[in-house]
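> got a sequence here, can you build the structure:
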Amino acid sequence: LEAMRCDGAAAMVISGTGSMAVGRLPDGEIIHTGGWGYILGDEGSGYAICIDALKAAICGYEGSAPETLLTDAIKEYYQVDDMMKLIDIFYDPPMPRSEIAKLAPVIFRCAENDAVANGIVEKHAKLLADTVSALLRKMPSGTPLGLWGGIFENYEKFRTLFSSIISEKFPETKINVLEYAPEYGAVFAAIKTDGE
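Predicted structure coming up:
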């Protein structure tokens, strides 16, 4: 929040490996929505998008859901000739969530030409917008919203979808990717505290 360089009410949403939204009310109170972790939440995060894509690719391979470009793209990414080999890759040993989230570029490339992948991106943009909407409803009208994290920074499609949903619900809200990284926010906060 300090990295936004604004006084008073401010809100921020992060979409990286995980996701969450946080807000500062005019009186300084901090509130949040999301941030429930990969088991209970993380909607709109790189990890959640990639897990849904992996499941869709497997279902497409098995024939229990529509075929998708994700299947071949995922096989190529993990350098396997058979989807069954993913079992060892993901479970022996268990793959860290941050490694799973690195699949995101593949998902977003497929989303340009594949209805299944595009549907996953749209679904998660909406889910994260729902989480942020729950936060903004508790805040003054026109509270600025900062965006941060690898998904927002690197994937314009996701950022645009998310922002359009928020703008429709909260037309007074200005939405921007942070000019300063959150690490700078810590420095700004320290300077502010030292000044007091």
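
> quick one: stretch 64-74 to chain centroid distance?
Shown here is stretch 64-74, whose average C-alpha point lies 22 Å from the average C-alpha point of the whole chain (C-alpha atoms, centre = their mean, to the nearest Å).

> ok, stretch 76-96 next?
Centroid separation between stretch 76-96 and its chain, computed with C-alpha atoms, centre = their mean, is 24 Å.

> output the contacting helices and strands for the host helix or strand of A48.
Assigned by DSSP states H and E, A48 belongs to helix 46-62. The helices and strands touching helix 46-62, judged by 3 or more C-beta pairs under 8 Å, 6 or more residues apart in numbering; DSSP states H and E, are helix 69-78, helix 97-101, helix 104-111, helix 115-136, helix 150-154. Any C-beta I mention is one placed from the backbone N, CA and C, and that applies to glycine too.

> which among those is found nearest to W36?
helix 115-136 (9.5 Å; C-beta to C-beta).

> and after that closest one, which helix or strand comes next?
strand 145-148.

> now for that following strand, which elements pack on it?
In terms of contacts (3+ C-beta pairs under 8 Å, 6+ apart), strand 145-148 is packed against strand 10-15, helix 156-169, strand 175-177.

> could I get these in CSV, plus columns for distance to K75, mean neighbour count and mean pLDDT?
Converted to CSV, these look like this (distance: least, C-beta to C-beta, whole Å; neighbours: other C-beta atoms under 10 Å; pLDDT from 0 to 100):
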stretch, distance to K75, mean neighbour count, mean pLDDT
strand 10-15, 26, 26, 94
helix 156-169, 23, 17, 96
strand 175-177, 33, 14, 93
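
> go through those and name the closest to E2.
Closest to E2 of those is strand 10-15 (C-beta to C-beta; 8.9 Å).

> please consider this matter closed, and thank you.
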